[in-house]
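**Q** Need a 3D model of the sequence below.
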Amino acid sequence: MKVLPTARILIIDSDSDRRETTRLGLTALGVGAVTEVETIAEARDLPRNFDVVVVQVGTVDEMPDHPFRDTGDAVPAVVVADGTSHSLTRAAGRGGYDAAVGMPLLPRLLYRRIGSVLQRARRVQRPAAAQTSAAQDATAAVG
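**A** Below is the predicted model:
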């Protein structure tokens, strides 16, 4: 995936060992930059210079809502938790996440999910940018 070598990923996880293992796995697969924080509060204090958020929790019951879902600059998010595929998918959808990955975490699977989420986000942004460009061209032609 071409987007991941330049991707800036934020990992939010209260378990430092699990957070470090995830960071090392993504870095080994060639991800550009990975930042780690322990809490959502810490993440909200950071400048918004990341492309995707990975929230890791122990179980589906511990899953918080997507921390940046209601902001003007919503960032795509992937949640990683232990649970059945069905319950994880439902909880992730209710929480506002773009994708979910079950435990035990396989770094390659997370890598692929992040790539898919980033590509989807860029496709959604592309038509809006094209419309803006077309409107600007039409205004320039009239004026």
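**Q** Helix, strand or coil: sort out residue 101 for me.
**A** What DSSP: H, G, I helix; E, B strand; the rest coil gives for residue 101 is strand.
**Q** Quick one: residues contacting the closest residue to it other than its chain neighbours.
**A** Excluding its sequence neighbours, the residue lying closest to residue 101 (CB to CB, 6 or more residues apart in numbering) is residue 80, at 4.8 Å. The C-beta positions use only the backbone N, C-alpha and C, and glycine is treated the same way. Listed by CB atoms under 8 Å, 6 or more residues apart in numbering, the contact set of residue 80 reads 22, 54, 55, 56, 57, 100, 101, 102, 103, 105, 110.
**Q** again, only this time at 7 Å
**A** By CB atoms under 7 Å, 6 or more residues apart in numbering, the residues touching residue 80 are 54, 56, 101, 103, 105, 110.
**Q** Pull up the pairing partners for the longest strand anywhere in the chain, direction included.
**A** In the chain, with assignment by DSSP state E, the single longest strand is strand 52-59. Here strand 52-59 has these sheet partners by DSSP bridges: strand 8-12 (parallel), strand 77-82 (parallel).
**Q** immediately after the shortest one, which helix or strand?
**A** Moving toward the C-terminus from strand 8-12, the next helix or strand (DSSP states H and E) is helix 16-28.
**Q** Repeat that for the longest one.
**A** Downstream of strand 77-82, the next assigned helix or strand under DSSP H and E is helix 85-95.
**Q** Correct me if wrong: residue 111 contacts residue 26.
**A** Yes - using CB atoms under 7 Å as the test, residue 111 is close enough to residue 26 to be in contact (6.3 Å).
**Q** where are the low-confidence patches of the chain?
**A** 1-3, 72, 126-143 (pLDDT under 70).
**Q** Let's see that with 90 instead.
**A** Within the chain, the stretches with pLDDT under 90 are 1-6, 32, 48-49, 67-75, 83, 85, 120-143.
**Q** Name the residues of stretch 6-13 that come out as buried.
**A** 7, 9, 10, 11, 12, 13 (16 or more other CB atoms under 10 Å).
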